[in-house]
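S.K.: can't give you the sequence, but here's the structure:
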């Protein structure tokens, strides 16, 4: 189980809310290797995770474009790599079902990648977006005084 802790906050409300929801989706996979879910349920969980991740990345990348984030291409490539890996994991599941190896890879990859990405990449993005927003608000205040 992974916990969305203070050190993982980007301090961009929308991103942090989406990350919390993403952690909830990921934590649902803790029971996959325990035989609780049918193959259809696991496939639905993987599909739901893939769809939400794609939706979240699209939203996050929209904020990057809107704010003029200078590392957009690099960040976008991180996202694409993650999506491709999730798609391969789903294909692996469809071909071979649940195994100890699948369960381990799923949890290790999903949990470690997302925590590492948020801690090392998204927190910097959040700082940048917040600086842009503060600057825009300051400019607005100055312009309104004129």
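M.R.: Thanks, I have the structure now. The structure presented is a predicted model; accordingly, all values stated were derived computationally and were not measured.

S.K.: what about this structure, any weak spots by pLDDT?
M.R.: Residues of the chain meeting the criterion pLDDT under 70: 139-146.

S.K.: helices of that one, residue ranges please.
M.R.: 13-27, 39-67, 72-96, 100-117, 123-145 (DSSP state H).

S.K.: OK, contacts around residue 33?
M.R.: 98, 100, 103-104 (CB atoms under 8 Å, 6 or more residues apart in numbering). Heads up, the C-betas are built off the backbone N, CA and C, glycines and all.

S.K.: would you mind checking these for buried ones?
M.R.: 98, 103 (16 or more other CB atoms under 10 Å).

S.K.: the contacts of residue 33: which two are farthest apart?
M.R.: For those, the farthest-apart pair by CB to CB is 98 and 104; their separation is 10.9 Å.

S.K.: what's around residue 107, how many residues?
M.R.: For residue 107, the number of neighbouring residues by other CB atoms under 10 Å comes to 18.

S.K.: gap between the nearest residue to it once chain neighbours are set aside and residue 48?
M.R.: Distances taken as CB to CB, 6 or more residues apart in numbering put residue 29 closest to residue 107, at 6.3 Å, once the chain neighbours are dropped. Applying CB to CB, to the nearest Å, the value for residue 29 to residue 48 is 11 Å.

S.K.: what do you get for residue 54?
M.R.: Taking CB to CB, one finds residue 54 at 11 Å from residue 48.

S.K.: try residue 4
M.R.: For residue 4, the distance to residue 48 - CB to CB - is 18 Å.
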